[in-house]
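Enquirer: fold the following for me, if possible:
(chains A and B)
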Protein chains: 2
Amino acid sequence: MDKLQTLLNEYEKYKSMNLDLNMARGKPCQEQLDLSMPMMDVLNAGVDVRGEDGIDCRNYGVLGGIEECKRLLGDIIEVDPKNIIIFGNSSLNIMFDCISKSMTHGVLGSTPWMKLDKKVKWLCPVPGYDRHFAITEFFGIEMINIPMNSDGPDMDLVEELVKDEYVKGIWCVPKYSNPDGTTYSEAVVKRFASLKPKAKDFRIYWDNAYSVHHLYKVKQDFLLEILDECKKHGNPDLVYKFTSTSKISFPGSGVAALATSDTNIKDIKKFMSVATIGFDKVNQLRHVRFFKDLNGIKRQMEKHADILRPKFELVLDILDKELKDIAYWNKPNGGYFITLKVNNCAKEVIARCKECGVTLTEAGCAFPYHIDPDNSVIRIAPSYPSIKDLSLATKILCLCVKIENELKKKDR
Amino acid sequence: MDKLQTLLNEYEKYKSMNLDLNMARGKPCQEQLDLSMPMMDVLNAGVDVRGEDGIDCRNYGVLGGIEECKRLLGDIIEVDPKNIIIFGNSSLNIMFDCISKSMTHGVLGSTPWMKLDKKVKWLCPVPGYDRHFAITEFFGIEMINIPMNSDGPDMDLVEELVKDEYVKGIWCVPKYSNPDGTTYSEAVVKRFASLKPKAKDFRIYWDNAYSVHHLYKVKQDFLLEILDECKKHGNPDLVYKFTSTSKISFPGSGVAALATSDTNIKDIKKFMSVATIGFDKVNQLRHVRFFKDLNGIKRQMEKHADILRPKFELVLDILDKELKDIAYWNKPNGGYFITLKVNNCAKEVIARCKECGVTLTEAGCAFPYHIDPDNSVIRIAPSYPSIKDLSLATKILCLCVKIENELKKKDR
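Expert: Numbering: from 1, shown residues only, chains lettered A, B, ... in the order given. Next up is the predicted model:
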């Protein structure tokens, strides 16, 4: 029996098990969610729900969020509380709103992007986060791929492309990036901070989603704080920086924030003050009372890491064992994903996995318009499944990679 | 000493008290907020936070809200759960998003309003809610005043104006309206439901903010359910209906919803699915576990009424005693406001109150562009101040009305 037939027989065996395994989304598992359950007890019926400045957090008002929550999130992303606005539960929603507002009202008084005579363009480091690309696609913004190097996006290309005045922004996940786990180097951050885009309303959308999401206590990536660098380079208004507690407390019930310059804060608050009276301050207070400060956050993140680390290591071990010579993958020090790069068969592997009951994010998801030019990227999200399911799912994934590789050989 | 001088002497007496009283915003008072404090205990660290269909409310997902919360809010506004989407904490924010999305993407595939060759127009029953008008003003939409009659907006005028294809919407607070406490009659609701606007993307923004906000157990206004009427009149997609628990549970930490036709729900979900992964389901669950059902809501609203009723009656008594022949006001059966109509001196009265330490909503606030054509409307919000403060503030307000009236006489 030839190698392919052996692999196919094994595949049929798995298929007959009628599995239903999912490695598609970067969702925390139940054990991780349980870490924050004590937060449910910090605000009870008898507790004082006034903030530190005496404000009743239950009532209307306080557009930008309560001070102590600005301080807590500011500490997480190394920003002064005065440069932070706390929104609702989703940083993605803030990014959507910022782009939407730029379409209808421009940025700091610039021409609304919908009133320009040509389409707005956007730089998209790839592979990247599918939900980012979905936003720019929704607004009809033309997306341009920027290759990711081991130290961040290809900055030569970025510097060249921002000379076009219709290029109005770039998506960045600068730390433990989604999906390839890369952290931008100091040099790259400095080149971003000193960027001189032709468009005055160009903004870097700096999605610092994984700022404290380390897997190890020692092997931790370091990211240079960009707002400060921008100031130093005479570019104070260049960056919108985003963060949230979605993967610190509860994914659907955390708090999200935007950090940026004084001038941008004023600009954003103008539209915020029309859109809402204020976000959920009780939940802001609940987070502060639970975590207290950055140390509380760090302790929580160590507990998350203790749950996530074995899952990442399990996947990496199986990949090491099974795919050494026929695929490439990253070994991230944090974040939520492992990127597996296969040889021009990602779509086929993902479909074959699906047929066997293993769901991965759909092919092309990490690219604008869902087009993976090399048909190579498979995003693995190890957080949600149990160790047992994860082991099985990863083995099946490896098997499918091997099968598709053999099929390719035959084609030649 | 003449009458005016007597009044002015009294005014000086109040002024020397250095008061700081506020009747500006429709904010619940602390006693009302305390009614919902037991809600803080329904979800504690040991509780099961899965929804009725087994979904873990702490994690990502469930874009439109959990079923039991859709049912609860659906019961409040008499709509099938399948026609409801639960959002974050603010119905105002949903309205903003709906208009923003219409500007950039149109409605059900219509031309985005920003791409039209002429400005969009909007009908604004007056007096109305200042935050509504702020949204349409923000988007550069031309606002047209529609006089309010005792049974709702002037429908002859509405029917005439919707023949203009650039008229794309109307603001309505159909029950215990802000600020005049009017509830639209059945005839008016039916005329709305059978409206035939020239613009296919015309929508009625039906802000049902005070649907269960009665002041009395017996004297309750009845509002015909409009989505059902629209269906009957072959106009299923005409209305976006909004509600929230802001004045049922906590103003900043409630849940808000949009109710509309299947077709509109699909259209709205398209943009929602790009803007967010989902709203705060833990808070949705918290509301359901606390209120349980419509009866729970009704019991809560009776407690609110017991706190609010004496405040409304106090203000009305003082007005009766002091201003009988020189001003007009409504006697609402619910909602949050009393509208006082004075004789061409609202601005002067409000300024004079302010000088004496009594803050009212700024003059013109109930009108588009802050222009009250008769300079007559003063919005009184009795909910927030204590009985004692409210009594004092109302007396000062009446005094200021009398003074301005006397000054007017002298001018003649």
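Enquirer: hey, where'd the helices end up in chain A?
Expert: For chain A, the helices defined by DSSP state H occupy A:3-15, A:30-34, A:67-76, A:91-105, A:130-138, A:155-161, A:186-193, A:226-232, A:262-275, A:281-291, A:294-323, A:346-355, A:387-411.
Enquirer: can I get these in TSV with mean pLDDT, distance to chain B and mean neighbour count?
Expert: For the C-beta atoms, the positions are set from N, CA and C on the backbone; glycine is no exception. Formatted as TSV, these follow (pLDDT from 0 to 100; distance: least, Cβ to the nearest Cβ, whole Å; neighbours: other Cβ atoms under 10 Å in any protein chain shown):
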stretch	mean pLDDT	distance to chain B	mean neighbour count
helix A:3-15	97	27	14
helix A:30-34	97	5	17
helix A:67-76	98	13	22
helix A:91-105	98	4	23
helix A:130-138	98	4	20
helix A:155-161	98	24	16
helix A:186-193	98	26	20
helix A:226-232	98	25	19
helix A:262-275	97	4	17
helix A:281-291	98	4	24
helix A:294-323	98	14	17
helix A:346-355	98	19	20
helix A:387-411	95	16	19
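Enquirer: looking at the ones you listed, spot the one closest to residue B:193.
Expert: Smallest distance to residue B:193 across these (Cβ to Cβ): 28.7 Å, for helix A:262-275.
Enquirer: export the helices of chain A as JSON lines, with columns for distance to residue A:248.
Expert: Output for these, formatted as JSON lines (distance: least, Cβ to Cβ, whole Å):
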{"stretch": "helix A:3-15", "distance to residue A:248": "36"}
{"stretch": "helix A:30-34", "distance to residue A:248": "10"}
{"stretch": "helix A:67-76", "distance to residue A:248": "8"}
{"stretch": "helix A:91-105", "distance to residue A:248": "12"}
{"stretch": "helix A:130-138", "distance to residue A:248": "19"}
{"stretch": "helix A:155-161", "distance to residue A:248": "30"}
{"stretch": "helix A:186-193", "distance to residue A:248": "23"}
{"stretch": "helix A:226-232", "distance to residue A:248": "20"}
{"stretch": "helix A:262-275", "distance to residue A:248": "23"}
{"stretch": "helix A:281-291", "distance to residue A:248": "8"}
{"stretch": "helix A:294-323", "distance to residue A:248": "6"}
{"stretch": "helix A:346-355", "distance to residue A:248": "30"}
{"stretch": "helix A:387-411", "distance to residue A:248": "22"}
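Enquirer: how about residue A:8: what's its closest non-neighbour residue?
Expert: The shortest distance from residue A:8 to any non-neighbouring residue, by Cβ to Cβ, 6 or more residues apart in numbering or on different chains, is to residue A:403 (6.4 Å).
Enquirer: could you do residue A:206 as well?
Expert: Closest to residue A:206 by Cβ to Cβ, 6+ apart is residue A:241, at 4.4 Å.
Enquirer: about what we covered before: test my guess that the residue nearest to residue A:8 contacts residue A:11.
Expert: Yes - counting by Cβ atoms under 8 Å, residue A:11 is a contact partner of residue A:403 at 6.2 Å.
Enquirer: which residues are in contact with each of these two?
Expert: Here residue A:403 and residue A:11 have residue A:352 as joint contacts, going by Cβ atoms under 8 Å, 6 or more residues apart in numbering or on different chains.
Enquirer: surely residue A:31 meets residue A:307?
Expert: Yes - with contacts counted by Cβ under 8 Å, residue A:31 reaches residue A:307, the gap being 5.3 Å.
Enquirer: what sits against the residue nearest to residue A:8?
Expert: So residue A:403 contacts A:4, A:7, A:8, A:11, A:352 (Cβ under 8 Å, 6+ apart).
Enquirer: and the furthest pair within the residues you listed?
Expert: So, these by Cβ to Cβ: farthest apart are A:4 and A:352, at 12.9 Å.
Enquirer: for the stretch 101-250 of chain A, what lies in contact range of chain B?
Expert: Where the stretch 101-250 of chain A comes near chain B, counting by Cβ under 8 Å from any Cβ of the partner chain, the residues are A:101, A:103-105, A:112, A:114-115, A:131, A:134-135, A:138-139, A:246, A:250.
Enquirer: most widely separated two among these?
Expert: Using Cβ to Cβ, the pair of those lying farthest apart is A:115 and A:250, separated by 39.7 Å.
Enquirer: quick one, which of those two is more surrounded?
Expert: residue A:250 (30 against 13; other Cβ atoms under 10 Å in any protein chain shown).
Enquirer: excluding its backbone neighbours, what's nearest the more buried one?
Expert: Nearest non-adjacent residue to residue A:250 (Cβ to Cβ, 6+ apart): residue B:58, at 4.4 Å.
Enquirer: isn't that neighbour up against residue A:247?
Expert: No - the criterion here is Cβ under 8 Å, and residue B:58 misses it with residue A:247 at 11.9 Å.
Enquirer: so who does residue A:76 touch?
Expert: Applying Cβ under 8 Å, 6+ apart, the residues contacting residue A:76 are A:211, A:212, A:243, A:248, A:294, A:297.
Enquirer: quick one: the top strand by length along chain A to helix A:130-138, angle?
Expert: In chain A, taking DSSP state E as the definition, the longest strand is strand A:142-149. Angle of strand A:142-149 versus helix A:130-138, following axes from the mean of the first three to the mean of the last three Cα atoms, to 10 degrees, is 150 degrees.
Enquirer: so what strands line up beside strand A:142-149?
Expert: Strand A:142-149 has the following sheet partners, assigned by DSSP bridges: strand A:121-126 (parallel), strand A:152-153 (antiparallel).
Enquirer: so which bits of that strand are buried?
Expert: For strand A:142-149, the neighbour count (16 or more other Cβ atoms under 10 Å in any protein chain shown) marks A:143, A:144, A:145, A:146, A:148 as buried.
Enquirer: just put these in a markdown table and tack on pLDDT.
Expert: Formatted as a markdown table, those follow (pLDDT from 0 to 100):
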| residue | pLDDT |
| --- | --- |
| A:143 | 98 |
| A:144 | 98 |
| A:145 | 98 |
| A:146 | 98 |
| A:148 | 97 |
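Enquirer: chain B: which of those residues is nearest?
Expert: Among the buried residues of strand A:142-149, residue A:143 lies closest to chain B (Cβ to the nearest Cβ), at 14.0 Å.
Enquirer: I'd guessed the closest one sits against residue A:125; true?
Expert: No - in this structure, residue A:143 is not within contact of residue A:125 by Cβ under 8 Å, at 10.8 Å.
Enquirer: ok so, going back, could you dump the residues of the stretch 101-250 of chain A next to chain B into CSV with distance to residue A:408 added?
Expert: Listed next are these as CSV, based on distance: Cβ to Cβ, whole Å:
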residue, distance to residue A:408
A:101, 47
A:103, 44
A:104, 48
A:105, 51
A:112, 49
A:114, 46
A:115, 49
A:131, 31
A:134, 31
A:135, 35
A:138, 36
A:139, 38
A:246, 39
A:250, 43
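Enquirer: and of those, the nearest to residue A:323?
Expert: Taking Cβ to Cβ as the measure, residue A:323 lies nearest residue A:131 of these, at 27.8 Å.
Enquirer: relative to residue A:197, how far out is the closest one?
Expert: Distance of residue A:131 to residue A:197, given as Cβ to Cβ, to the nearest Å: 24 Å.
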